[in-house]
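In: sequence and predicted model, in that order:
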Amino acid sequence: MARSLPPHQPPLAGRTPGSGEGDGGEDDGVVDPRDGLGVRGQDPRWHDVDNAVTDDEAPEVRVNNESKVSRVDTGQLEAVPAAVGRFSTWRARRRAARAEEAAAAEPAEGDESSTVVPFPPSGHRRRRRRRLTGLLVSLLVLVVLALVVFFSPLFATRTIEVDGATLTSPDAVQEALSGFQGVPMTRISKQDIKDSLGDVPQVKSVDVVFHPPHTIAVQLHERVGVAVVEDGDSFVLVDSEGKQLSTGPKAKRPDVPLVAGGRKVLSSQKFTDVSDVLAALPADVLSRLDSAAAPSGSAVELTFKDGKKVLWGDASQSELKSQVVAAFVKAKATADASEIDVSAPLHPVVK
């Protein structure tokens, strides 16, 4: 606590300022230690000080055992803080200063010229904003790219080239693939094209090649007709699985064997056995064949164009039987034979 004036030496007991002791009451002229410039009672400044202290009724401050008493000027004293410590006092002052600064920063009511200057954003917020901006820009670029690639006419299909159509009608193929015209190639898969040609009976498999930006090449692998069956006044060309490939008049019969039994035989075991036999025959022998039948169970009979018959038996040992038949058909010694039995290929019989 600051003092207005440094404390002075109090008079001894039984003495008062201005009274002497031993010399008839003369003033001892005690020097006041407050400034060292005069003697109490001789310096006129002390008269004013004593009067001021008396008039203001300055409180007495007791020190230690009350043997020393000083008077202070209360106008220069600070209030003693509450008993909460220096840190609490400092914190209270700091809060009060912040409140004053905040009040001063608020624009006066009705003052349009007042401007509040915001604090600059922190570095962390700037980095986070940059990352968020970069992410949004990347997403926007991906969306635009997807729209361009998958939905714009930039890669739209304009030409579909079809090769390998022999039994298949080109118009039927183009009609099956017409749904892909104008569709972006990025939205078309090979399986989509194969599925679209699944209803074309002559097509067994398909190879697809994309030629960006506007062309699709389709290579057809058609089924191979191995026989015909009668259907009224026409013939139906079928493959080894009994799949019907085309229909034509009897006058234009394809150069393949005729399987007896009509269309109903196509779903029976007889046709399966006949088909296995036809597949085992060499091409030069197959070209001489006129018809095939399975009259009794799985026993297969072949008839050649010159009228010669071959009793094949069942479909077992087909490879060996085909070699025996090829040898007899080409041999001059059996050129006049009417029947060749190879049901037991190791012991063939020629009649």
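Out: That came through, no problem. Numbering: from 1, shown residues only.
In: where along the stretch 251-351 of the chain do the helices fall?
Out: Using DSSP state H, counting those that start in this stretch, the helices of the stretch 251-351 of the chain run over residues 269-280, 283-286, 318-330.
In: dump those helices to a markdown table, plus mean pLDDT, mean neighbour count and distance to residue 240.
Out: Any C-beta I mention is one placed from the backbone N, CA and C, and that applies to glycine too. Supplementary listing: these in a markdown table, determined by pLDDT from 0 to 100; neighbours: other Cβ atoms under 10 Å; distance: least, Cβ to Cβ, whole Å:
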| stretch | mean pLDDT | mean neighbour count | distance to residue 240 |
| --- | --- | --- | --- |
| helix 269-280 | 88 | 20 | 5 |
| helix 283-286 | 87 | 13 | 12 |
| helix 318-330 | 88 | 17 | 13 |
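In: make a markdown table from those helices and add distance to residue 312 to it.
Out: Converted to a markdown table, the helices of the stretch 251-351 of the chain look like this (distance: least, Cβ to Cβ, whole Å):
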| stretch | distance to residue 312 |
| --- | --- |
| helix 269-280 | 6 |
| helix 283-286 | 12 |
| helix 318-330 | 6 |
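In: out of these, which comes closest to residue 295?
Out: Nearest to residue 295 among those is helix 269-280 (8.9 Å), distances taken as Cβ to Cβ.
In: ok, which of the helices of the stretch 251-351 of the chain comes nearest residue 149?
Out: So among the helices of the stretch 251-351 of the chain, helix 269-280 is nearest, using Cβ to Cβ, at 47.2 Å.
In: where does pLDDT dip in this structure?
Out: 1-84, 105-121 (pLDDT under 70).
In: same thing but 80
Out: 1-88, 105-124, 147-153, 170, 296-298, 315, 333-335 (pLDDT under 80).
In: so which of the helices of the stretch 251-351 of the chain is nearest residue 263?
Out: Nearest of the helices of the stretch 251-351 of the chain to residue 263, taken as Cβ to Cβ: helix 269-280 at 10.1 Å.
In: show me what that closest one is packed against.
Out: Counting contacts by 3 or more Cβ pairs under 8 Å, 6 or more residues apart in numbering; DSSP states H and E, helix 269-280 is packed against strand 225-231, strand 289-296, strand 299-304, helix 318-330.
In: contacts for the third one?
Out: If I follow you right, that is strand 299-304. Strand 299-304 has contacts (Cβ atoms under 8 Å, 6 or more residues apart in numbering) with 257, 273-274, 277, 288-295, 309-315, 325, 329, 343.
In: quick one: it to chain centroid distance?
Out: Distance, stretch centre to chain centre, for strand 299-304: 64 Å (Cα atoms, centre = their mean, to the nearest Å).
In: kindly report the same for stretch 338-345.
Out: 69 Å.
In: quick one: residues contacting the nearest residue to residue 164 once chain neighbours are set aside.
Out: By the measure of Cβ to Cβ, 6 or more residues apart in numbering, the closest residue to residue 164 outside its immediate chain neighbours is residue 220, 3.8 Å from it. Counting by Cβ under 8 Å, 6+ apart, residue 220 touches 162, 163, 164, 165, 168, 173, 197, 203, 206.
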